[in-house]
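> Okay, predicted coordinates and the sequence, questions at the end:
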Number of protein chains: 2
Amino acid sequence: MKKLLLISNSTMAGEEYLGWPRQYIKEFSDKNNIKKITFVPYAGVNLSSEGLDVSFKLYTEKVSGVFKTLGVDVESVHETKDPVKMVNDAQAIVVGGGNTFHLAAKLHETKLMQTIREKVLQGIPYIGWSAGSNVACPSLKTTNDMPIIEPESFDTMGLVPFQINPHYLDANPEGHGGETRQQRIEEFLAINREIKVLGLREASLLEIEGDKMFLKGSRKLRLFEHGKEPVEYDPGTDLSFLLK
Amino acid sequence: MKKLLLISNSTMAGEEYLGWPRQYIKEFSDKNNIKKITFVPYAGVNLSSEGLDVSFKLYTEKVSGVFKTLGVDVESVHETKDPVKMVNDAQAIVVGGGNTFHLAAKLHETKLMQTIREKVLQGIPYIGWSAGSNVACPSLKTTNDMPIIEPESFDTMGLVPFQINPHYLDANPEGHGGETRQQRIEEFLAINREIKVLGLREASLLEIEGDKMFLKGSRKLRLFEHGKEPVEYDPGTDLSFLLK
């Protein structure tokens, strides 16, 4: 049975790291008896100016600090020469946010895209936030991130049949003439008519268990479909119909 | 001699379409004796819900309306079965904004990416705004747009040696926990250390003639380089050193 926690964003402004979602991560970890996670830090390109290796190390330490408070150990795929083996042996997989293009590029390069997909379909729990939620979708095409690197493909894990737009926000900053998020999603739908987009606002997440999915957190979700008016759903809503 | 007008954004909030840059477009057109432009509408995916052809047509009409006030005729590459021939015969090339990924995908598909590059290097004037400024750079990697379609390659025209980030803005909308624009550009630089990024704020543009480049408009430009503090330049500044 698939078990996923797809989180919009790690942290609200002014809060401690992974503050708001911590209670949900704890509940999910307890329920699934997770004692150790395998972390994927590839989205974190810029935690250090000393290069990617240092950045991945710092990212893992930051995440480790949080999971320790929940009694969960952390290992990271950047620590091994055989990340496929590490993921194959994982109790649970956690994919952190940052830059979705870099995350996807590295997941393809290391073959973890396919390995993680298979493990999650076999029932290994998956937690992702931001870019980590994006790559659980069929493609990265609804990310907000900058395309800083060209991945082998835009295809990602396809663990859910819809696209998530994390950090969904309603308005543009004042005086900004660029497209609003809704306009960007409408551009996506103009070219990709068959797929739904879930605007996942900050401080909200999707919890999936098998063929059940619920919206959790404190904000409504905005559902976009080609040729239809967007629809809002309240936290707590059973969204299982979107998994079909 | 290369002649380019690379504009951050078409329109300021509340203004008429192509309002603020019109005086610069007029000056550039007069100086280069432009009587007719060949327009590329491929970034405009969503001006109509009736599909891309209608969207391109409406986009061309909108742009035509503006250029008519300047005494300049407009033809569009979507109106011909041989866009390469149309561009090869062009007096001037204008690439409009919208979605950079769709623009790049179509420019590769139609082979216009290479054709436009060659014409501009031969001295045919080029005007672009937003996505149209992005594709004049070596790659699309500093766009703000959503990757709604996977282009054949992230490589673009390379008419300038730096990357532009159009619609550069300093702050995030209130309560938004995603990366600021500066953080996104720093992510780009972490992976692409050798290339400079020019944060081109709204209501500003770059004018290039041969080996000369000036910042015009009413806002400062913010220059980013790996491992250095960003530097601000005033409108009117000679930025020719960035072409080297």
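Noted; the coordinates are in hand. Quantities reported herein were computed from a predicted structural model and do not represent experimental measurements.
> any weak-confidence spans in chain A?
Across chain A, the ranges flagged by pLDDT under 70 are A:172-178.
> where do the strands sit along it?
Ranges of strands in chain A, per DSSP state E, are A:3-7, A:36-40, A:73-76, A:93-95, A:126-129, A:163-168, A:197-201, A:204-209, A:212-217, A:221-224, A:231-233.
> any residues touching the last one, and which ones?
Applying C-beta atoms under 8 Å, 6 or more residues apart in numbering or on different chains, the set of residues contacting strand A:231-233 from outside is A:Leu215, A:Lys220, A:Leu221, A:Arg222, A:Leu223, A:Leu239. For glycine as for every other residue, the C-beta is placed from the backbone atoms N, C-alpha and C.
> Repeat the analysis, applying 6 Å as the threshold.
The contact list for strand A:231-233 (C-beta atoms under 6 Å, 6 or more residues apart in numbering or on different chains) reads A:Leu215, A:Lys220, A:Leu221, A:Arg222, A:Leu223.
> Return the list of strands paired to it, each annotated with direction.
Strand A:231-233 pairs in its sheet with strand A:221-224 (antiparallel), by DSSP bridges.
> Please state the offset of the strand it pairs with from the chain centre?
Relative to the chain's own centre, strand A:221-224 is displaced by 17 Å; criterion: C-alpha atoms, centre = their mean, to the nearest Å.
> Could you do stretch A:202-213 as well?
Put simply, stretch A:202-213 sits 11 Å off its chain's centre (C-alpha atoms, centre = their mean).
> what's the answer for stretch A:23-43, then?
13 Å.
> for stretch A:27-45, same thing?
12 Å.
> What residues does chain A have near chain B?
Residues of chain A lying close to chain B by C-beta under 6 Å from any C-beta of the partner chain are A:9, A:11-13, A:45-46, A:99, A:141, A:146-150, A:154, A:167, A:169, A:173, A:176-178, A:184, A:186-188, A:190-191, A:202.
> again, 7 Å this time
A:9, A:11-13, A:45-46, A:49, A:99, A:102, A:140-144, A:146-150, A:154, A:167, A:169, A:171-173, A:175-178, A:184, A:186-188, A:190-192, A:202, A:227 (C-beta under 7 Å from any C-beta of the partner chain).
> quick one, the longest helix seen in chain A and strand A:36-40 angle?
Using DSSP state H, we find that the single longest helix of chain A is helix A:52-69. Helix A:52-69 and strand A:36-40 meet at an angle of 150 degrees, taking axes from the mean of the first three to the mean of the last three C-alpha atoms, to 10 degrees as the criterion.
> since we're on A:Asp89, how many residues are nearby?
12 (other C-beta atoms under 10 Å in any protein chain shown).
> ok so, going back, how about the longest helix of chain A: buried residues?
By neighbour count with 16 or more other C-beta atoms under 10 Å in any protein chain shown, helix A:52-69 contains the buried residues A:Leu52, A:Ser55, A:Phe56, A:Lys57, A:Tyr59, A:Thr60, A:Lys62, A:Val63, A:Ser64, A:Val66, A:Phe67.
> Quick check: of those, which lies closest to A:Gly132?
Lowest distance from A:Gly132 to the buried residues of helix A:52-69 (C-beta to C-beta) belongs to A:Val63, with 10.8 Å.
> ok, now how distant is the nearest residue to A:Lys196 once chain neighbours are set aside from A:Gln114?
Of all residues not flanking A:Lys196 in the chain, A:Phe162 sits nearest, at 4.4 Å (C-beta to C-beta, 6 or more residues apart in numbering or on different chains). Separation of A:Phe162 from A:Gln114 (C-beta to C-beta, to the nearest Å): 20 Å.
> With neighbour numbers in mind, choose between the two.
A count of neighbours by other C-beta under 10 Å puts A:Phe162 above the other of A:Phe162 and A:Gln114, at 19 against 13.
> right, and that one touches A:Leu200 too?
No: look at A:Phe162 against A:Leu200 with C-beta atoms under 7 Å: they stay out of range, at 10.5 Å.
> CA atoms only for the longest helix of chain A - export them in PDB, please.
Extracted in PDB, the C-alpha atoms of helix A:52-69 (Å, rounded to 0.1, in the frame of the first residue of the first chain):
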ATOM      1  CA  LEU A  52      27.500  20.600  -3.600                       C
ATOM      2  CA  ASP A  53      29.100  18.000  -1.300                       C
ATOM      3  CA  VAL A  54      29.200  20.500   1.600                       C
ATOM      4  CA  SER A  55      25.700  21.700   0.800                       C
ATOM      5  CA  PHE A  56      24.300  18.200   0.900                       C
ATOM      6  CA  LYS A  57      26.100  17.500   4.200                       C
ATOM      7  CA  LEU A  58      24.700  20.700   5.800                       C
ATOM      8  CA  TYR A  59      21.200  19.900   4.500                       C
ATOM      9  CA  THR A  60      21.400  16.400   5.900                       C
ATOM     10  CA  GLU A  61      22.500  17.700   9.300                       C
ATOM     11  CA  LYS A  62      19.700  20.300   9.400                       C
ATOM     12  CA  VAL A  63      17.100  17.600   8.600                       C
ATOM     13  CA  SER A  64      18.800  15.100  11.000                       C
ATOM     14  CA  GLY A  65      18.400  17.600  13.800                       C
ATOM     15  CA  VAL A  66      14.600  17.700  13.300                       C
ATOM     16  CA  PHE A  67      14.100  14.000  12.900                       C
ATOM     17  CA  LYS A  68      16.200  13.300  16.000                       C
ATOM     18  CA  THR A  69      13.600  15.200  18.100                       C
END
